[in-house]
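[1] sequence unknown, structure follows:
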C-alpha cells in the first residue's frame with residue numbers, strides 16, 4: 001500500500017495531467033511559431049503554454065462548480081511542477097529553481113489577469129490585442145495580422161471550451177480546435 005501511494009497518481013491527478021498535456025500539446029503546434037510569429041524560444045514556448053493553460057483555467061473557473069474550481073487549481077499545480085522539472089533539466093541550479101518558478105507564477109498570473117480583462121464582455125478589442133503584444137509578442141515586432149489572428153483564436157477557443165460539457169472537463173477530455181489559419185482566425 002505504501003509503495004502504491006508513492007508511484008500511483010490518483011484519478012484527480014490523471015485528469016489534471018491530461019488537461020495540462022492537452023494545453024502543452026496545443027502550445028507546441030508549429031503553426032503558432034511559423035504562421036503567427038510567436039518566438040520559438042524558451043520564453044515564447046512558456047507564453048504559448050501559459051496562453052493555453054489560461055484558456056483551460058478560464059473554462060474551469062467559469063463552470064461554477066467546486067469540482068471544476070478544484071480541477072483548475074490542480075492543473076495549475078501540475079503546470080508549475082512541470083516548470084520546476086523543466087528548469088532542473090535545463091541545468092538551473094537547485095538554489096535558483098524556487099525563485100525562477102516564483103517569477104514564472106507571477107508572470108502567469110499577470111497574463112491571466114490581462115487576458116481575462118481583454119476577454120470581458122464590453123471590453124474593447126484592443127485590450128486583448130494589447131495584452132498579446134505585451135506578453136506573447138514581447139520583444140518582437142508583431143504584425144497586426146498575427147495579433148488579430150491570435151486574439152480571434154483566444155476568443156474562439158474560450159467559446160469552444162465553454163461549450164464542452166462539465167463531464168468532459170471533469171474527465172480530462174476538453175479539447176482545442178486548430179490554430180488560426182495563416183491568413184487569420
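    Received the coordinates, thanks. Since the structure is predicted, the reported quantities are computational estimates derived from the model, not experimental observations. Numbers count the residues shown, from 1 in each chain.
[2] switch to C-alpha atoms for all contacts and neighbour counts from now on
    Noted.
[3] Can you say which helix or strand has the residue nearest the centre of the chain in it?
    What sits nearest the mean C-alpha location of the chain, by C-alpha atoms, centre = their mean, is residue 53, with 2.1 Å. Using DSSP states H and E, residue 53 sits in helix 42-61.
[4] just how off-centre is that helix within its chain?
    When distances are taken as C-alpha atoms, centre = their mean, to the nearest Å, helix 42-61 is centred 1 Å away from the chain's centroid.
[5] Need the contact partners of that helix.
    19-20, 23-24, 26-28, 38-39, 68-69, 71-72, 75-76, 108, 111-112, 116, 135-137, 154, 157-158, 161-162, 169 (C-alpha atoms under 8 Å, 6 or more residues apart in numbering).
[6] Flag every buried residue along that helix.
    Buried residues in helix 42-61, counting neighbours by 16 or more other C-alpha atoms under 10 Å, are found at 44-61.
[7] I'd like the distance between residue 116 and residue 155.
    Applying C-alpha to C-alpha, to the nearest Å, the value for residue 116 to residue 155 is 11 Å.
[8] Over to residue 46?
    20 Å.
[9] and if you look at residue 57?
    In terms of C-alpha to C-alpha, residue 57 sits 14 Å off from residue 155.
[10] Repeat that for residue 142.
    Residue 142 is 19 Å from residue 155, by C-alpha to C-alpha.
[11] Could you do residue 118 as well?
    10 Å.
[12] more crowded one of those two?
    A side-by-side neighbour count of residue 118 and residue 155, using other C-alpha atoms under 10 Å, places residue 118 first with 22 against 15.
[13] ranges for the helices of this structure?
    Residue ranges of the helices in the chain, as given by DSSP state H, are 2-7, 11-27, 30-34, 42-61, 66-89, 94-119, 125-135, 144-163, 166-170.
[14] and residue 136, how many neighbours?
    There are 26 residues near residue 136, going by other C-alpha under 10 Å.
[15] For it, grab phi and psi.
    Note on residue 136: backbone dihedrals following degrees, to the nearest 10 are phi -70, psi -40.
[16] Can you name the residues that contact it?
    38, 44, 47-48.
[17] ok, it to residue 27 distance?
    To residue 27, residue 136 is 12 Å away according to C-alpha to C-alpha.
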